[in-house]
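K.L.:
Just the structure for this:
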Amino acid sequence: MDDGVATLVAAGIGTVGVVVTAVVTAALGWRGAQTAAAAQVEAALAGVREQAKHEQQVELRAARRAAYGEFLGQIETVRMALDRALDVSRQAAGAWNYQRRTNLPAGPTPDWPATHARLEDSVDALWFRQSALRLYADARIVDGAEDLIRTARAAADIFPLVQEAVIEDCDHARHHASIQQKVEELKAGITAWADVVVASLEHP
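P.N.:
Below you'll find the model as predicted:
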C-alpha cells in the first residue's frame with residue numbers, strides 16, 4: 001500500500017471512530033435522559049399518591065370525629081332525658097302520695113307518658129349512632145358505646161316499674177335508687193368513653 005492510500009485509510013478509520021463515538025455518546029445521553037425523565041415521573045406520581053393518601057386520611061378522620069360527636073351528643077341527650085324522667089317520676093310519686101293522704105286532688109304534674117316516650121325515643125336513637133361508629137371506630141370504642149347504650153336501656157326500663165309502684169301504692173323508693181345508680185354509672189361511662197375517643201383522635 002502506497003503512502004496516499006494509507007493516508008486515506010487512516011483518515012477513514014479516524015472518521016468512523018469519531019462517528020461511532022458520537023453515536024454511542026448520543027445513545028448514552030438519550031438513555032440517561034430517559035432514565036432521568038422516568039425518575040421525575042415516578043417522583044411526581046409518588047407525590048400525587050402521598051397527597052391522595054393524606055387527603056383520604058384527613059377525610060376519614062373528619063368522618064370519625066363527626067361520628068364520635070354525634071354519638072356523644074345523643075348519649076348526653078339520653079342522660080338529660082333520664083334526669084328529667086327521674087325528676088318527673090318523683091313529682092308523680094309525690095302527687096300520688098299527697099292525694100292518698102289528703103283525699104284531695106293533686107296539683108298539675110309534668111306529663112309522665114310524654115316524658116317516658118321522649119326517653120324511649122332518645123335511647124332508641126343511640127343504636128343508629130352506634131351503627132355509624134362501626135364504620136369508622138375500632139372495636140374498643142364501639143364496644144364502649146354499646147356498654148353505654150345498655151346502661152341507658154337498663155335505666156329506662158326501670159321507669160315503668162316506678163309508675164307501677166306508685167299506682168299500686170307500693171314502695172317505689174328502691175326503683176328510684178336503682179335508676180339513680182344507673183344514671184351515675186352512665187355519667188361515669190360517658191366520661192371514660194370520651195377520654196378514649198379523644199386519645200384515638202390524638203393518636204390515630
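
K.L.:
just to confirm, which helix or strand has residue 152 in it?
P.N.:
helix 139-167 (DSSP states H and E).

K.L.:
Which residues in that helix does the neighbour count mark as buried?
P.N.:
141-142, 144-145, 148-149, 151-153, 155-156, 158-159, 161-163, 165-166 (16 or more other Cβ atoms under 10 Å). All C-beta spots, glycine's among them, are computed from the backbone N, C-alpha and C.

K.L.:
For it, name the packing helices and strands.
P.N.:
Helix 139-167 makes packing contacts with helix 3-102, helix 112-136, helix 173-202 when contacts are defined by 3 or more Cβ pairs under 8 Å, 6 or more residues apart in numbering; DSSP states H and E.

K.L.:
Out of those, which gets the lowest mean score?
P.N.:
Lowest mean pLDDT of those: helix 3-102, a mean of 67.

K.L.:
what about residue 98, neighbour count?
P.N.:
Counted by other Cβ atoms under 10 Å, the residues lying close to residue 98 total 14.

K.L.:
Check the gap between the nearest residue to residue 146 once chain neighbours are set aside and residue 149 for me.
P.N.:
Nearest residue to residue 146 in three dimensions, chain neighbours excluded: residue 130, at 6.3 Å (Cβ to Cβ, 6 or more residues apart in numbering). Note on residue 130: its distance to residue 149, by Cβ to Cβ, to the nearest Å, is 6 Å.

K.L.:
again with residue 135
P.N.:
17 Å.

K.L.:
What of residue 113?
P.N.:
23 Å.

K.L.:
same question, residue 192
P.N.:
Residue 192 is 15 Å from residue 149, by Cβ to Cβ.

K.L.:
same thing with residue 194?
P.N.:
For residue 194 relative to residue 149 (Cβ to Cβ), the value is 15 Å.

K.L.:
and if you look at residue 98?
P.N.:
On the measure of Cβ to Cβ, residue 98 and residue 149 end up 36 Å apart.
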